[in-house]
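1. Sharing a sequence plus its predicted fold:
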Amino acid sequence: MVIKYFEAPDIKALILEIVDVLELLHVKTQSIHCLRSYGSKSRYTIARIHGLGKIWQKTFHISPSYIIEVISERYDSLSEEKKIKVLIHELLHVPRGFSGGFRPHKGYVNEKKVEKLYSEMQKKKKENAKRPKNKYVHVKD
């Protein structure tokens, strides 16, 4: 079976939320694209991140970009918590310079860091839920 790719706006929405809540300021969300694939023969991969390397950037005169691909057969059946953790893991591969390159697993991308960031995200979401919803400030004349 041939792998088929489709845009994944639900994944993009989760990425936007994660980046916003965790304040991952180096991640340029306008240059993160999200796809859902079907038909992968991969046995253990849930998601992967693809970077646009320097040679492609230079040749086509384009900015660094990343694609986060979720493999439908394994990702879609996960709990919401696990889905978020998978996406946090993939975002950890994006270097501070947003260059199109990757951070390695060794020394940076690991389960301990993912768990820490997930806990931080949940804490911040609870704090934000307690804040008043009114975004507008009334100024007296």
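-> Cool, the structure landed. Just so we're clear, the structure is a prediction, and the values are computed from it rather than from any experiment. Numbering: from 1, shown residues only.
2. contact partners of the helix or strand harbouring Arg74?
-> Per DSSP states H and E, Arg74 falls inside helix 72-75. Residues outside helix 72-75 that contact it (C-beta atoms under 8 Å, 6 or more residues apart in numbering): 36-38, 40, 45-47, 83, 86. All C-beta atoms are positioned from the backbone trio N, CA, C, and that covers glycine.
3. Which among those count as buried?
-> Using 16 or more other C-beta atoms under 10 Å as the burial test, those include 36-37, 40, 46-47, 83, 86 as buried.
4. The residues you listed in strands, which ones?
-> If you go by DSSP state E, the buried ones among the contacts of helix 72-75 have 36-37, 47 in strands.
5. ok, of these, which one's closest to Lys4?
-> Ser37 (6.8 Å; C-beta to C-beta).
6. Verify the contact between that closest one and Asp76 for me.
-> No - using C-beta atoms under 8 Å as the test, Ser37 is too far from Asp76 to be in contact (11.0 Å).
7. Need the residues touching each of those two.
-> Val70.
8. follow-up on the earlier one: switch the contacts of helix 72-75 over to a markdown table; also include pLDDT.
-> As requested, these are arranged in a markdown table below (pLDDT from 0 to 100):
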| residue | pLDDT |
| --- | --- |
| Arg36 | 97 |
| Ser37 | 97 |
| Tyr38 | 95 |
| Ser40 | 90 |
| Thr45 | 94 |
| Ile46 | 96 |
| Ala47 | 97 |
| Lys83 | 98 |
| Val86 | 98 |
